[in-house]
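no letters, just coordinates:
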């Protein structure tokens, strides 16, 4: 499971656009978006860089979400 932080995601429309971008890369990926925490969880064996590129192309700036130590 890949966890991304998308700080510029602000609403359910944003969440839908990001979900569509992820599904455009891997239609079978599992995607969970939480607007309140600005996080996106992606279950897929596809290279995370492809998701980064798709989310950026959709107009958002993803980052790898770091787990607290």
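Everything's here; your move. What you see is a predicted model, and the numbers here were worked out from it, not measured in a lab.

okay, now the nearest residue to residue 59 once chain neighbours are set aside: neighbour count?
Excluding the flanking residues, the one nearest residue 59 by CB to CB, 6 or more residues apart in numbering is residue 17, at 7.3 Å. From N, CA and C alone the C-beta is placed, and that goes for glycine too. Using other CB atoms under 10 Å, residue 17 has 17 neighbouring residues.

mind checking pLDDT for residue 17?
pLDDT recorded at residue 17 is 98.

now the most centrally placed residue in the chain. Nearest residue, chain neighbours left out?
In the chain, the centroid-proximal residue (CA atoms, centre = their mean) is residue 40; its distance is 4.3 Å. Excluding the flanking residues, the one nearest residue 40 by CB to CB, 6+ apart is residue 4, at 4.5 Å.

what sits up against the helix or strand hosting that neighbour?
For residue 4, the host element (DSSP states H and E) is strand 2-6. Residues outside strand 2-6 that contact it (CB atoms under 8 Å, 6 or more residues apart in numbering): 14, 18, 38-44, 48, 51-52, 55, 60-65, 67.

let's see that with 10 Å instead.
When contacts are defined by CB atoms under 10 Å, 6 or more residues apart in numbering, strand 2-6 is touched by residues 14-15, 18, 22, 29, 32-35, 37-44, 46-48, 51-52, 55, 58, 60-67.
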